[in-house]
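[1] Next comes the sequence, and after it the predicted model I'd like to discuss.
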Amino acid sequence: MPDTTRPVLAVIIGSTRSGRFGPTVARWFTTRARRRGDFEIDLIDLAETRVPATLGDHDDLVPPQVAELGARLAAADAFAIVTPEYNQSFPASLKTAIDWYYQEWHAKPVAFISYGRESGGLHAVAQLRQIFAELHAVTLQGTISLPCYWDLFAADGSWPKDGAACNTSVTTMLDQLAWWAAALSAARARTPYVA
């Protein structure tokens, strides 16, 4: 868990599928965020957390991997969700990881970086907005959407190519995340959030 006075931005890779593109997107996004120096980055790969797919009852003991991820989410001041779109929705692994927790999401900003075919993952993002509203989180209006992301590879194999629109929109997203993280963190420090 990061130990810093800078706000913590948890970047969550939502797909656990073999051959997934999410880690590539997350590496690009975290590299851009680290260059700014105003966030401490906690990269959370759901494929590595091993959070159980079956949720426990309220009286059940919390599995250690759930407790560990919960501590990381609670320490975060902002979230960036990297999600693909599968069949006009987001992966079950991401829904399970969201549903294990409740207060960890409260009164914190959430940004979305989505990828997929022609829709660029926007169907998945629309559903995630509804879920995070229920969890009392604040979702950023703008997203980074990557339609047909395979077209954004440069000739040398790097991703994304220099002219890709995401290279510009990432700055706005990080500016907004920083603003909301500071504002909501200060508000939570003054008055505990009540859901």
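    Perfect, thanks for sending it.
[2] At the geometric centre of the protein, which residue do we find?
    residue 81 (1.9 Å; Cα atoms, centre = their mean).
[3] Paired strands for the strand or helix carrying that residue, with orientation please.
    Using DSSP states H and E, residue 81 falls within strand 78-84. Under the criterion DSSP bridges, strand 78-84 sits next to strand 8-13 (parallel), strand 109-116 (parallel) in its sheet.
[4] Mean neighbour count added to these, as TSV?
    Bear in mind the C-beta positions are built from the backbone N, C-alpha and C, glycine included. Listed next are those as TSV, based on neighbours: other Cβ atoms under 10 Å:
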stretch	mean neighbour count
strand 8-13	26
strand 109-116	25
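[5] got any ranges where this structure has weak pLDDT?
    Along the chain, segments meeting pLDDT under 70 span 1-4.
[6] could the strands paired with strand 78-84 be laid out in a markdown table, adding distance to residue 63?
    Below are the strands paired with strand 78-84 laid out as a markdown table (distance: least, Cβ to Cβ, whole Å):
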| stretch | distance to residue 63 |
| --- | --- |
| strand 8-13 | 18 |
| strand 109-116 | 24 |
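[7] what ranges do the strands span in this protein?
    8-13, 40-45, 78-84, 109-116, 138-139, 144-147 (DSSP state E).
[8] could I get those as JSON lines with distance to residue 24?
    Shown next, in JSON lines, are the strands of the chain (distance: least, Cβ to Cβ, whole Å):
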{"stretch": "strand 8-13", "distance to residue 24": "10"}
{"stretch": "strand 40-45", "distance to residue 24": "12"}
{"stretch": "strand 78-84", "distance to residue 24": "9"}
{"stretch": "strand 109-116", "distance to residue 24": "9"}
{"stretch": "strand 138-139", "distance to residue 24": "23"}
{"stretch": "strand 144-147", "distance to residue 24": "10"}
